[in-house]
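A.B. asks: Attaching a predicted model along with its sequence, questions to come.
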Amino acid sequence: MSRSPTISFIGAGNMASAIIGGMLDSGFQAGDIWVSAPDDGHLQSIRKRFGVSVTTDNRYCAQQADIVVLAVKPQVMGDVCRDIAPVVQNTRPLMVSIAAGLTAGTLDTWLGGGLPLVRVMPNTPSLVGKGAAGLFANSQVKDDQRNAVQKVFESIGSALWVDDENLLHSVTALSGSGPAYFFLMLEALESAATEAGIESETARALAIQTMAGAAEMAARSEDDPGQLKRNVMSPGGTTERAINTFEEGGLRDLVKKAYSAAFERSREMSRELADKQ
């Protein structure tokens, strides 16, 4: 792919829009992007917003592309893949799925077999350009195709590869579900501060900025999180007492249980989705 690849999105939801916006911001050309969806009214708004080409015909959309991004809901993925299979078997593009739970093997079967395919587990902060995506490539994917996909997803955050597809369940439990874990902490901190007398808007603003600042410090620092935590603590001080309370309350074990629950549910959903289609 020495030239800029043409990329087609089958599906035009929030995540597809986030990826397209990030791509355009990072230098991709609107003329190299196609989008398909059943709702022409929605497609026209996408066209006006981004200047990309649109169509309600999934097969035609797929036919234009070097890379086809499957951005539909997992529940309809089987029908979509089987519909475009004759086209992609002829044109042999790189297939990219952002659907949770559906394995590369299942997708490849629906698409007719033998295609290069990358599975991506993005997360909702991708909508604001701060995503964290896990990627897995099957054996048909070439190095230049890996690089092209990584460039796409780095336009909306970070993109990290795993060598074992089963590790995408771990990625789901970490960065896929992870934003909700931090939202829970924000919610709890806001509630505690409000009960202590701070106005809710002020409490929320302080909690959000504190979390954002802590994340930025962790990203920039060479210290591990444990050391960063200790840097905030003074012997006998307020932070030490709060951290000891978390530890005594079993926070680490609770986080591990929650992570394991998300991991197991990801595996269950993978089996359920394959069986239903």
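C.D. replies: Ah, there it is.
A.B. asks: buried sites along stretch 56-69?
C.D. replies: For stretch 56-69, the buried set under the neighbour-count rule, 16 or more other Cβ atoms under 10 Å, comprises N58, C61, A62, Q63, Q64, A65, D66, I67, V68, V69. (Glycine included, C-beta is placed from N, CA and C.)
A.B. asks: secondary structure element for the residue with the largest distance to the centre of the chain?
C.D. replies: Of all residues in the chain, G236 sits farthest from the chain's C-alpha centroid, using Cα atoms, centre = their mean; the distance is 41.1 Å. Taking DSSP states H and E as the definition, G236 sits outside all helices and strands.
A.B. asks: ditto for the one 5 residues further on
C.D. replies: Assigning secondary structure by DSSP H and E places R241 in helix 238-248.
A.B. asks: Report the angle between the helix or strand just after that helix and helix 238-248.
C.D. replies: Counting by DSSP H and E, the next helix or strand C-terminal to helix 238-248 is helix 251-276. For helix 251-276 against helix 238-248, the angle by axes from the mean of the first three to the mean of the last three Cα atoms, to 10 degrees is 50 degrees.
A.B. asks: Which neighbouring elements make contact with helix 251-276?
C.D. replies: helix 74-91, helix 167-171 (3 or more Cβ pairs under 8 Å, 6 or more residues apart in numbering; DSSP states H and E).
A.B. asks: for the helix or strand following the last one, packing partners?
C.D. replies: So the one you mean is helix 167-171. Downstream of helix 167-171, the first helix or strand assigned by DSSP H and E is helix 178-195. Using 3+ Cβ pairs under 8 Å, 6+ apart, the elements in contact with helix 178-195 are helix 200-220.
A.B. asks: Would you map out the domains in the chain?
C.D. replies: 7-167, 178-266 (automatic domain parsing).
A.B. asks: Could you save those as CSV and add columns showing distance to E272 and mean pLDDT?
C.D. replies: As requested, those are exported to CSV (distance: least, Cβ to Cβ, whole Å; pLDDT from 0 to 100):
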stretch, distance to E272, mean pLDDT
domain 7-167, 8, 96
domain 178-266, 10, 97
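A.B. asks: right, so those: which one is the most enclosed?
C.D. replies: When these are scored by mean count of other Cβ atoms under 10 Å, the highest mean neighbour count falls to domain 7-167 (a mean of 19).
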